[in-house]
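Student: coords below, sequence missing:
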């Protein structure tokens, strides 16, 4: 699981990478779920995480191993 507090700015890199490749790894997806429901993100970061998770649910981004 990724600790987003240790890597500032990594969320924007994940967003760009996921939108370009249309894929996420399972560990990043789990980390996004945990962080979006926790208190480690500010409101803007939570919105980005929720948008990525929405894209996974809609099939626009696939979770691959």
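Tutor: Yep, that arrived. Remember, it's a predicted structure, so these values are computed and weren't measured experimentally.
Student: what ranges of the chain fall below the confidence cut-off?
Tutor: Residues of the chain that meet the criterion pLDDT under 70 lie in 1-8.
Student: hey, which helix is longest across it?
Tutor: Criterion DSSP state H: the longest helix present in the chain is helix 43-57.
Student: so where do the helices sit in this structure?
Tutor: Assigned by DSSP H, the helices in the chain fall at 10-21, 26-37, 43-57.
Student: could I get those helices as TSV with mean neighbour count and distance to residue 65?
Tutor: In this view, the C-beta of every residue, glycine as well, is placed from N, C-alpha and C. Formatted as TSV, the helices of the chain follow (neighbours: other C-beta atoms under 10 Å; distance: least, C-beta to C-beta, whole Å):
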stretch	mean neighbour count	distance to residue 65
helix 10-21	14	14
helix 26-37	16	6
helix 43-57	15	14
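Student: so who does residue 60 touch?
Tutor: Each residue near residue 60 by C-beta atoms under 8 Å, 6 or more residues apart in numbering is listed here: residue 22.
Student: sorry, back to before: distance to residue 63 added to the helices of the chain, as JSON lines?
Tutor: Output for the helices of the chain, formatted as JSON lines (distance: least, C-beta to C-beta, whole Å):
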{"stretch": "helix 10-21", "distance to residue 63": "10"}
{"stretch": "helix 26-37", "distance to residue 63": "5"}
{"stretch": "helix 43-57", "distance to residue 63": "6"}
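Student: who wins for proximity to residue 64 among these?
Tutor: Of all the helices of the chain, helix 26-37 sits nearest to residue 64, with 8.0 Å by C-beta to C-beta.
Student: how far does the closest one sit from the chain's center?
Tutor: Counting by C-alpha atoms, centre = their mean, to the nearest Å, helix 26-37 is centred 6 Å from the centre of its parent chain.
Student: And for stretch 51-58?
Tutor: For stretch 51-58, the distance to the chain centre is 9 Å (C-alpha atoms, centre = their mean).
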